[in-house]
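1. Got a sequence here, can you model it:
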Amino acid sequence: MTDAPAVDLYYDPFDFEIDDDPYPVWKRLREEAPLYYNEKHDFYALSRYDDVSRELPNFQTYRSGRGTTMDVIKSGLEVPPGVILFEDPPLHDLHRRLLSKVFTPRRMAAIEPLTRQFCERALDPLVGSGGSVAFDFIGDLGALIPMRTIGYLLGIPEQGQEAIRDKTDHAISLKDGGSSYVVAEDAFEQAYQLFSDYIDWRAQHPSDDLMTQLLNAEIEDDGAVRQLTRTEVLTYTSMIAGAGNETTTRLIGFIGQLLADHADQRREIVADPSLIPGAIEEVLRFEAPSPVQARYVAHDTECRGEKIAEGSIMLLLNGSANRDESRFPQGERFDIHRGGGHLSFGQGLHFCMGSALARMQARVALEEVVKRWPDWEVDYLNAGKAHTASVRGWANLPVVTG
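-> Numbers count the residues shown, from 1 in each chain. Next up, the predicted model:
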């Protein structure tokens, strides 16, 4: 029996209505059933900060190697090497060391001026001659900036970036709210084959980009030094493109929504742009783009006094933990002056390697928006949420500017 569950307390990550606003359910989970069990989908969930932060790095018990979304774990698919999100040590550590040589501070610093140019190109045509101007925080900004930035880093021409993004969006979107999502048997191959032609071309035309670095990279494997296989290069490229696009797109959307809903705090930012980095951290805490981390239970264990069997699925609800009032006083209140951290980029060995890149893109995007429009309101009648097994947020967020 899990912690004192109420008969009407139900959490289902595949239910679109719950996913649109999971916070009331998560609050009840923290209060009434901090270890929750769902019979329909056969999973457990931890929702309190102390539990989630403790178990996120606990790879000995809660493994990522079979996937970090419940649909992938349940599919039983074999994850190809190179998807470090879906790996455990020692393979994870080997691949992470390689990527740490790719996401260098020098490269991240060099990309900021280009990111600003992307924002200017996206926003300048939207500036009107007077009166109200409508634009979409996702379609006109959030979906473009990460795509352009990641495309540049990888070495994918602009004419190919949009097609890759759209195919990725389609592949990860949940199609049927209220029921589990079935993963295609060739899902990983479909994902990385999007980059096949680019990899082959880049092998013959090297440049200063991530694909060239991956093609030339060497790793130590079982005591021998070798280059990455073609499949590994493809998988790395697919993983970087997917992870870097989706989460940052949703982050930019949440920035647009939350600063519209909290106009007083937006006006503070307009008056003092130095508040922007702190505001972005609060957006990340308040609305984690990737709020649910699934794990495979590697061996029989005990959690909050209950026995959990090997082979079970445990959901670590970092989006819920971010609002746990035992850690964040008045955690359900949005406050750009808060400080104090969050779990939106993970914890421990799986801490997001692209966190600095995501923060930079979000900061530059917000800086460029407030330069042009100090005021905006969300057109909620025409806004809509995206539904996937890995990220949540706005699919479109039209706003009217002052």
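2. drop to CA atoms for contacts and neighbour counts, all remaining ones
-> Fine.
3. Select the longest helix from this protein.
-> With DSSP state H setting the assignment, residue counts place helix 230-261 as the longest helix in the chain.
4. Centre of the chain to it, how far?
-> 6 Å (C-alpha atoms, centre = their mean, to the nearest Å).
5. Can you name every helix or strand that whichever helix or strand comes after that helix contacts?
-> Along the chain past helix 230-261, the next helix or strand (assigned with DSSP states H and E) turns out to be helix 263-271. Helix 263-271 sits against helix 230-261, with contacts defined as 3 or more C-alpha pairs under 8 Å, 6 or more residues apart in numbering; DSSP states H and E.
6. pLDDT on the helix it packs on, on average?
-> Along helix 230-261, the predicted local confidence has a mean pLDDT of 88.
7. Compute the first-to-last residue distance for stretch 197-210.
-> Start and end residues of stretch 197-210 are separated by 15 Å (C-alpha to C-alpha, to the nearest Å).
8. residues contacting the residue nearest to Leu258 when sequence neighbours are not counted?
-> In space, Leu258 comes closest to Val283 once its chain neighbours are excluded; the distance is 7.4 Å by C-alpha to C-alpha, 6 or more residues apart in numbering. Val283 sits next to Leu251, Phe254, Ile255, Leu258, Phe334, Ile336 when contact means C-alpha atoms under 8 Å, 6 or more residues apart in numbering.
9. Okay, angle between the longest helix of the chain and helix 263-271 too, please.
-> Between the direction of helix 230-261 and that of helix 263-271, the angle (axes from the mean of the first three to the mean of the last three C-alpha atoms, to 10 degrees) works out to 110 degrees.
10. Give me the buried positions along helix 230-261.
-> Using 16 or more other C-alpha atoms under 10 Å as the test for burial, helix 230-261 gives 231-260.
11. same thing with stretch 353-371?
-> The neighbour-count criterion (16+ other C-alpha under 10 Å) identifies 353-354, 357-370 as the buried residues of stretch 353-371.
12. can you list contacts of stretch 35-48?
-> 2-3, 5, 10-12, 26, 29-30, 34, 52, 180, 303-304, 312-318, 320-321, 324.
13. Arg63 touches His92, doesn't it?
-> No - Arg63 is not in contact with His92 according to C-alpha atoms under 8 Å; the separation is 11.3 Å.
14. quick one, which of those two is more surrounded?
-> Under the criterion of other C-alpha atoms under 10 Å, the comparison of Arg63 against His92 puts Arg63 first, with 24 against 20.
15. That one: what's it in contact with?
-> Under the criterion of C-alpha under 8 Å, 6+ apart, the contact partners of Arg63 comprise Glu87, Asp88, Arg295, Tyr296, Val297, Ala298.
16. Output those residues as TSV; include the columns pLDDT and distance to Ala110.
-> TSV is the format used below for the contacts of Arg63 (pLDDT from 0 to 100; distance: C-alpha to C-alpha, whole Å):
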residue	pLDDT	distance to Ala110
Glu87	84	29
Asp88	85	31
Arg295	96	36
Tyr296	95	38
Val297	97	41
Ala298	96	41
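17. Pipe those residues into JSON lines and attach neighbour count, distance to Arg107 and secondary structure per row.
-> Written out in JSON lines, the entries for the contacts of Arg63 read as follows (neighbours: other C-alpha atoms under 10 Å; distance: C-alpha to C-alpha, whole Å; DSSP: H, G, I helix; E, B strand; the rest coil):
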{"residue": "Glu87", "neighbour count": "24", "distance to Arg107": "25", "secondary structure": "coil"}
{"residue": "Asp88", "neighbour count": "19", "distance to Arg107": "27", "secondary structure": "coil"}
{"residue": "Arg295", "neighbour count": "30", "distance to Arg107": "32", "secondary structure": "strand"}
{"residue": "Tyr296", "neighbour count": "25", "distance to Arg107": "35", "secondary structure": "strand"}
{"residue": "Val297", "neighbour count": "20", "distance to Arg107": "37", "secondary structure": "strand"}
{"residue": "Ala298", "neighbour count": "18", "distance to Arg107": "37", "secondary structure": "coil"}
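18. If you tally nearby residues, what's the number for Gly319?
-> Other residues within reach of Gly319 by the criterion other C-alpha under 10 Å amount to 28.
19. List the buried residues in stretch 263-280.
-> The neighbour-count check on stretch 263-280 (16+ other C-alpha under 10 Å) flags Gln265, Arg266, Arg267, Ile269, Val270, Pro273, Leu275, Ile276, Pro277, Gly278, Ala279, Ile280 as buried.
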